[in-house]
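[1] here are the coordinates; sequence isn't available:
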């Protein structure tokens with residue numbers, strides 16, 4: 001039924017858009033085209049012949065015009081329109097209107113119109129020869145979807161547009177401000193839907209072949225909030241990991257300082273974890289003031305105990321030395337002769353660790369076992 005109706009529309013368009021006979025029309029009439037028979041479309045490049053205007057709006061009936069409604073290779077519908085040169089508002093002779101054939105003649109020519117219709121997509125350089133029988137646009141599926149789709153089940157988009165509803169053409173008016181012609185096909189036009197339900201489109205821009213889904217606004221906040229929450233958790237976790245690593249490193253990279261000041265018998269002890277770049281320890285003014293030896297350093301009376309050589313040496317401010325984890329540093333003023341508690345602190349520093357000298361530990365255990373073995377042998381022999 002749809003194919004039969006399309007054939008009738010094509011046949012009527014062929015009657016309306018047929019080339020007129022200009023032999024009986026004077027040169028001063030609207031059909032005096034100065035030797036031109038048509039215009040080339042500025043969009044698709046096809047040659048469009050002049051035809052008579054059927055609308056009597058503003059007295060335009062009988063004027064020659066060229067109008068193209070094809071589709072170019074990009075899928076954009078042509079909006080080309082030109083009046084014939086030499087046409088005026090008041091034609092001197094109105095050409096007689098061609099009487100439409102009788103209804104039986106229309107039905108008889110339906111088959112011929114269907115056969116002579118193009119068998120492929122009219123878009124240039126398309127090459128698609130398979131067209132849907134129920135397509136209202138008579139183009140291939142690709143270009144029909146680009147134009148907004150139709151009632152065909154394979155040409156429907158996500159949001160189905162009403163069948164046979166094309167965007168209204170917006171042609172550039174000529175300098176003489178002549179109104180656009182219209183072809184009256186009221187008996188064949190489908191029922192107009194509610195204008196409020198039709199989305200407003202701009203004919204100057206191509207239609208979107210992939211419109212947004214209806215419920216995108218419902219899903220978007222959920223996705224954005226979930227993504228933001230995950231990013232916040234990941235950022236918080238990375239900050240906590242960085243702080244944990246820095247704190248663990250600072251807890252191990254520490255130096256213990258024991259200082260003996262003048263006129264005081266007990267040493268001043270403190271642990272320093274910042275103010276230097278590990279493993280290079282600097283005797284800065286801030287560190288020396290913390291243990292009360294800043295004045296001694298300014299007077300050149302600051303001394304440090306060399307553990308390797310076992311004697312006191314004089315150092316100055318900003319002296320740098322390489323340290324290890326848990327190392328102890330002994331400082332004093334040169335005027336202090338008796339460093340109270342130095343022997344106990346130094347003995348704790350020089351005690352061997354089980355993991356630091358395993359060879360000596362094994363030798364000690366072996367010698368101790370040899371010393372105890374004769375006593376045990378004499379004890380068992382007496383029994």
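    Arrived safely. Note that the structure is a prediction, hence the values are computed from the model and not measured.
[2] mind checking the longest helix of the chain?
    helix 216-252 (DSSP state H).
[3] what ranges do the helices span in the protein?
    Under DSSP H, the chain gives helices at 2-16, 103-108, 110-116, 141-146, 216-252, 285-291, 294-298, 342-350, 358-382.
[4] now the shortest one: mean pLDDT?
    Looking back up the chat, that one is helix 294-298. Taken as a whole, helix 294-298 carries a mean pLDDT of 83.
[5] Buried residues of it, list them for me.
    294, 296-297 (16 or more other Cβ atoms under 10 Å). (Each C-beta comes from the backbone N, C-alpha and C, glycine too.)
[6] Contacts made by it with the rest, please.
    With Cβ atoms under 8 Å, 6 or more residues apart in numbering as the test, helix 294-298 has contacts from 261-262, 283, 285, 288, 302, 316-317, 333-334.
[7] Now the buried members of the residues you listed.
    The buried subset of these (16+ other Cβ under 10 Å) comprises 261, 283, 288, 302, 333.
[8] Looking at the residues you listed, which is nearest residue 120?
    residue 283 (92.4 Å; Cβ to Cβ).
[9] Next, find the distance separating the residue nearest to residue 137 when sequence neighbours are not counted from residue 120.
    Distance criterion Cβ to Cβ, 6 or more residues apart in numbering; nearest residue to residue 137, sequence neighbours excluded, is residue 144 at 5.1 Å. Distance from residue 144 to residue 120, counting by Cβ to Cβ, to the nearest Å: 14 Å.
[10] ok, the residue nearest to residue 257 when sequence neighbours are not counted - contacts?
    Nearest residue to residue 257, sequence neighbours excluded (Cβ to Cβ, 6+ apart): residue 329, at 5.0 Å. By Cβ under 8 Å, 6+ apart, the contact set of residue 329 is 255-258, 281, 304-305, 323.
[11] and the residues you listed as CSV, adding neighbour count, distance to residue 48 and pLDDT?
    Shown next, in CSV, are the contacts of residue 329 (neighbours: other Cβ atoms under 10 Å; distance: Cβ to Cβ, whole Å; pLDDT from 0 to 100):
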residue, neighbour count, distance to residue 48, pLDDT
255, 22, 94, 85
256, 15, 98, 86
257, 23, 99, 86
258, 21, 104, 86
281, 21, 92, 87
304, 18, 103, 87
305, 18, 107, 86
323, 17, 93, 85
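[12] Wait, residue 302 touches residue 336, no?
    No. Assessed by Cβ atoms under 8 Å, residue 302 is found out of contact with residue 336, at 11.1 Å.
[13] Return the member of the contacts of helix 294-298 nearest to residue 83.
    Nearest member of the contacts of helix 294-298 to residue 83, counting by Cβ to Cβ, is residue 285, at 95.9 Å.
[14] what about the nearest residue to residue 157 once chain neighbours are set aside, how many residues close to it?
    Leaving out its chain neighbours, the residue that sits closest to residue 157 by Cβ to Cβ, 6+ apart is residue 149, at 4.3 Å. Neighbour count of residue 149, defined by other Cβ atoms under 10 Å: 24.
[15] Looks like residue 149 contacts residue 156 (just checking).
    Yes. Assessed by Cβ under 8 Å, residue 149 is found in contact with residue 156 at 5.4 Å.
[16] Hmm, residue 139 is touching residue 120, no?
    No. The criterion here is Cβ under 8 Å, and residue 139 misses it with residue 120 at 9.5 Å.
[17] quick one: which of those two has more around it?
    residue 139 (27 against 13).
[18] how far away is the more buried one from residue 70?
    10 Å.
[19] what's the overlap in contacts for these two?
    122-123.
[20] What confidence value was assigned to the closest residue to residue 319 other than its chain neighbours?
    Nearest residue to residue 319 in three dimensions, chain neighbours excluded: residue 283, at 4.5 Å (Cβ to Cβ, 6+ apart). pLDDT, residue 283: 85.
[21] one step back: nearest to residue 37, of the buried ones among the contacts of helix 294-298?
    Closest to residue 37, out of all of these and judged by Cβ to Cβ, is residue 283, at 104.1 Å.
[22] who's in contact with the closest one?
    297, 302, 304, 315, 317-320.
[23] got JSON lines for the residues you listed, with distance to residue 363 too?
    Formatted as JSON lines, the contacts of residue 283 follow (distance: Cβ to Cβ, whole Å):
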{"residue": "297", "distance to residue 363": "44"}
{"residue": "302", "distance to residue 363": "41"}
{"residue": "304", "distance to residue 363": "34"}
{"residue": "315", "distance to residue 363": "38"}
{"residue": "317", "distance to residue 363": "45"}
{"residue": "318", "distance to residue 363": "44"}
{"residue": "319", "distance to residue 363": "39"}
{"residue": "320", "distance to residue 363": "38"}
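[24] So which of the residues you listed are in strands?
    With strands taken from DSSP state E, the overlap with these comprises 302, 304, 319-320.
[25] ok, these vs residue 365, which is closest?
    Nearest member of those to residue 365, counting by Cβ to Cβ, is residue 304, at 36.9 Å.
[26] Residue 320 is in contact with the closest one, correct?
    No. Contact criterion Cβ under 8 Å: residue 304 and residue 320 do not qualify, at 12.0 Å.
[27] TSV for the contacts of residue 329, including distance to residue 49?
    Output for those, formatted as TSV (distance: Cβ to Cβ, whole Å):
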residue	distance to residue 49
255	100
256	104
257	105
258	110
281	98
304	109
305	112
323	99
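[28] Narrow those to those in strands?
    255-258, 281, 304-305.
[29] hmm, back to that, between the ones in strands among the contacts of residue 283, which is closest to residue 372?
    Taking these together and measuring to residue 372 by Cβ to Cβ, the closest member is residue 304, at 44.3 Å.
[30] Quickly list what the closest one is bridged to.
    residue 313, residue 331 (DSSP bridges).
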